[in-house]
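# Mind folding the following:
(one chain, ligands or ions: 1)
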Amino acid sequence: MIIAVDGPAAAGKGTIARALAKHFGYHFLDTGALYRMVGLAAIRAGGEPITTPAAIAAALSLDPSSFTDAELRTEKVGAAASIVAVIPEVRAALLDFQRSFARKPPGAVLDGRDIGTVVCPDAHAKLFVTASAEVRARRRQKELGSADYEAVLVDIKARDERDSKRATAPLVAAKDAVVLDTSEMDIAAAVKAAIAAVEARRVP
Ligand code: CDP
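Prediction:
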């Protein structure tokens with residue numbers, strides 16, 4: 001059983017995906033963390049602006065077990081992730097790891113941008129979690145403990161633009177995804193709606 005959870009930055013997909021994995025007893029993979037690790041490693045190796053060779057080298061030598069770096073969650077690294085995520089060789093280097101993770105029994109939940117479209121097009125259940133840019137910026141501002149709402153909103157919009165317009169695996173809802181707009185939902189309501197959507201698709 002594979003559950004794909006895609007959507008733009010700060011829409012709530014990480015929280016929803018983790019809750020789904022807990023509810024169903026499945027494995028969970030935050031695929032954004034892989035891109036964040038590549039972005040951070042590319043900056044550390046080659047400085048900024050990130051170069052394509054530095055990003056590809058970082059993706060090819062990625063050790064997904066070193067997942068815990070606190071710096072990964074910063075907006076600077078989020079932006080770096082979306083820059084390296086445009087490079088087809090970087091995406092290709094991360095594909096095998098994601099696909100073999102998805103096949104772990106008894107099931108797996110993966111969250112990202114292209115899980116339902118590219119990584120696991122045969123996923124049994126697909127959710128596209130979204131919310132307005134303003135609501136997402138408020139959530140991210142709270143999460144980051146940042147004082148500057150306008151700056152967070154600008155970052156979110158820049159990332160949306162980069163993720164949606166790239167040629168390889170752009171951010172788009174899969175045709176068979178259930179779209180969940182969480183703008184007006186709290187976490188409990190969003191998780192409840194997500195579980196119901198998966199239950200409706202689940203193989204008995
Ligand atoms: O947590 P948030 O939604 O802000 O970001 P994330 O899921 O950690 O992803 C960071 C960046 O990695 C995104 O803006 C995408 O550019 C990229 N990404 C991707 O291209 N494909 C994925 N499956 C996951 C993330």
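# pretty sure residue 4 belongs to a strand, no?
Yes: Residue 4 forms part of a strand when assessed by DSSP: H, G, I helix; E, B strand; the rest coil.
# roughly how far apart are it and residue 169?
From residue 4 across to residue 169, the span is 13 Å (CB to CB, to the nearest Å). For every residue, glycine as well, the C-beta is placed using N, CA and C.
# can you check residue 26 too?
From residue 26 to residue 169 the distance is 23 Å (CB to CB).
# phi, psi of residue 179?
Dihedral pair for residue 179: phi -90, psi 130, per degrees, to the nearest 10.
# wait, it sits on residue 193?
No: Residue 179 is beyond contact range of residue 193, at 10.7 Å (criterion: CB atoms under 8 Å).
# Show me what from this protein comes close to the ligand.
By CB under 6 Å from any ligand atom, the part of the chain that sits against the ligand consists of 9-10, 14, 31-32, 35-36, 78, 81-82, 85, 112-114, 159, 163.
# In those residues, find the pair that's most separated.
10 and 114 (17.6 Å; CB to CB).
# all strands of this protein, in order?
In the chain, the segments counted as strands under DSSP state E are 2-6, 27-30, 108-112, 125-130, 178-181.
# CSV for these, including mean neighbour count and distance to residue 140?
Formatted as CSV, the strands of the chain follow (neighbours: other CB atoms under 10 Å; distance: least, CB to CB, whole Å):
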stretch, mean neighbour count, distance to residue 140
strand 2-6, 29, 17
strand 27-30, 19, 16
strand 108-112, 27, 16
strand 125-130, 25, 14
strand 178-181, 17, 17
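# Determine the number of other residues adjacent to the residue lying closest to residue 75 once chain neighbours are set aside.
Nearest residue to residue 75, sequence neighbours excluded (CB to CB, 6 or more residues apart in numbering): residue 155, at 5.3 Å. Counted with other CB atoms under 10 Å, residues neighbouring residue 155 total 22.
# shouldn't residue 155 be in contact with residue 77?
No: at 11.6 Å, residue 155 does not count as touching residue 77 under the criterion of CB under 8 Å.
# The residue nearest to residue 93 when sequence neighbours are not counted: how many residues sit nearby?
Spatial nearest neighbour of residue 93, excluding adjacent residues (CB to CB, 6+ apart): residue 59 at 3.9 Å. By the criterion of other CB under 10 Å, residue 59 has 24 neighbours.
# For residue 59, give its distance to residue 163.
In terms of CB to CB, residue 59 sits 17 Å off from residue 163.
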